[in-house]
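Participant: Sequence first, predicted coordinates after that:
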Amino acid sequence: MRFMYIVTPVRNEPPTRELMEAMGKLADREIKAGRMLDSGGLMPVRTGAHVRIADGKLSVIDGPFVEAKEVIGGYAIFELPGKQEAVAMAVEFMQLHKDFMPAWEGTCEVRSFAMPDHEGGCQVDALAHA
């Protein structure tokens, strides 16, 4: 099963060098094992944009966003046997934050991808639309 981890910090502060090194080691291990497919941190919301449809009108709003309450700081995509393994990996990842940035607070949301073999799921072949 494919899982996305969505990391949401309470305060948007950059990770320490020690945390980055620890996360790099974890990522290297998981990439070599074929479990981590992708990961990355996201730039501050001031560099982004919202593309929105409201009242039948499409609009583009450049960041920063006044209404932003929770900001996604980063993500990772894993291929794992099931939810139990996905949660265990998220716990290991979050433990790094606790160990290397003890004052850090936030959430790592674990979500499975909708796939064709799951009820109600879909998967778009992006290459077919290129």
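Facilitator: Noted; the coordinates are in hand.

Participant: pull the longest helix from this structure.
Facilitator: Taking residue count as the measure and DSSP state H as the definition, the longest helix of the chain comes out as helix 83-100.

Participant: Given the next helix or strand after that one, what are its sheet partners and their directions?
Facilitator: The first helix or strand that comes after helix 83-100 along the chain, using DSSP states H and E, is strand 106-112. For strand 106-112, sheet partners with direction are given as strand 2-9 (antiparallel), following DSSP bridges.

Participant: What are the contacting residues of the longest helix of the chain?
Facilitator: Residues external to helix 83-100 that are found in contact with it (CB atoms under 8 Å, 6 or more residues apart in numbering): 1, 3, 5, 15-16, 18-19, 22-23, 26, 30, 35, 76, 78, 80, 104, 106, 108, 110, 112. Every C-beta, even on glycine, is put in place using the N, C-alpha and C of the backbone.

Participant: Pull the distance from that helix to the chain's centre.
Facilitator: Here helix 83-100 shows a centroid-to-chain-centroid distance of 13 Å under the convention CA atoms, centre = their mean, to the nearest Å.

Participant: mind listing what's buried in it?
Facilitator: Burial within helix 83-100, assessed by neighbour count using 16 or more other CB atoms under 10 Å, is assigned to 86, 89-90, 93-94, 96-97, 100.

Participant: out of the contacts of helix 83-100, which are buried?
Facilitator: Neighbour-count burial within the contacts of helix 83-100 applies to 3, 5, 15, 19, 22-23, 26, 30, 35, 76, 78, 80, 104, 106, 108, 110; the criterion is 16+ other CB under 10 Å.

Participant: quick one: which of those is nearest to Pro44?
Facilitator: In terms of CB to CB, no member of the buried ones among the contacts of helix 83-100 lies closer to Pro44 than Pro15, at 13.7 Å.

Participant: confidence score at the closest one?
Facilitator: Residue-level confidence at Pro15 comes out at 90, pLDDT.

Participant: burial count for the residue nearest to it when sequence neighbours are not counted?
Facilitator: Nearest non-adjacent residue to Pro15, counting by CB to CB, 6 or more residues apart in numbering: Met101, 6.6 Å away. Taking other CB atoms under 10 Å as the neighbour definition, Met101 ends up with a count of 18.
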